[in-house]
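In: Based on what follows, work out the 3D shape:
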Amino acid sequence: MKKNKINKIVFFWFLFISGKAYGDYCFDLVAEKYYLSKEILMAISLVESNMDNNAINTNNSDGSKDICHMQINSQWFHLFSPEALLKDPCYCTAVGAWLLRDCMTRYGDSWRAVACYNTGGGLERRSSQGQKYIRKVKEKYMHITMGEY
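Out: The predicted structure follows:
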């Protein structure tokens, strides 16, 4: 997908959601837009940052950084500029959903796609990392679907 088209899609969601109540409302809208389970998005957010939109991780071995509650990696900033928009929790959710949908396009609606969200693909090289991530997300997902979050 071209940069302009991605920016228009995400910017549309930013305008539509901006100023509305965050939390479930945002997860609901974005999940519907990208044909995803809001519970999966919430589980990923819990694993990535405990739903902390101010989370920043700079300990990546490649020198990149991850920001916002969905921990969007700086390798994607060229597509979702400006980076400052990721400080909006709904925008962050929309970008995370777009990335997960992209993984699902590649790997199907499967746990392998959830691992792809964390590893960026290349699961053959990082299968233990992907499996560990899947276990964490599944655990959070189970708690969410049981009404514990």
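In: Leaving out chain neighbours, which residue sits closest to the most centrally placed residue in the chain?
Out: Among the residues of the chain, the one closest to the centroid is Gly96, at 2.5 Å (CA atoms, centre = their mean). Closest residue to Gly96 apart from its sequence neighbours, by CB to CB, 6 or more residues apart in numbering: Met70 at 3.1 Å. Glycine gets a C-beta too; all of them are placed from N, C-alpha and C.
In: Doesn't the one you found lie inside a strand?
Out: No. Under DSSP: H, G, I helix; E, B strand; the rest coil, Met70 sits outside any strand and is assigned coil.
In: Show the pLDDT at it.
Out: Looking at Met70, its pLDDT is 96.
In: can you give me the strands in this protein?
Out: In the chain, the segments counted as strands under DSSP state E are 56-57, 66-67, 72-73.
In: quick one: low-confidence parts of the protein?
Out: For the chain, the stretches flagged by pLDDT under 70 are 1-23, 80-81, 122-126.
In: circling back: can you lay out the strands of the chain as TSV showing mean neighbour count and distance to Lys138?
Out: Formatted as TSV, those follow (neighbours: other CB atoms under 10 Å; distance: least, CB to CB, whole Å):
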stretch	mean neighbour count	distance to Lys138
strand 56-57	12	22
strand 66-67	20	21
strand 72-73	20	22
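In: could you dump those to JSON lines with distance to Leu100?
Out: Below are those laid out as JSON lines (distance: least, CB to CB, whole Å):
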{"stretch": "strand 56-57", "distance to Leu100": "18"}
{"stretch": "strand 66-67", "distance to Leu100": "15"}
{"stretch": "strand 72-73", "distance to Leu100": "11"}
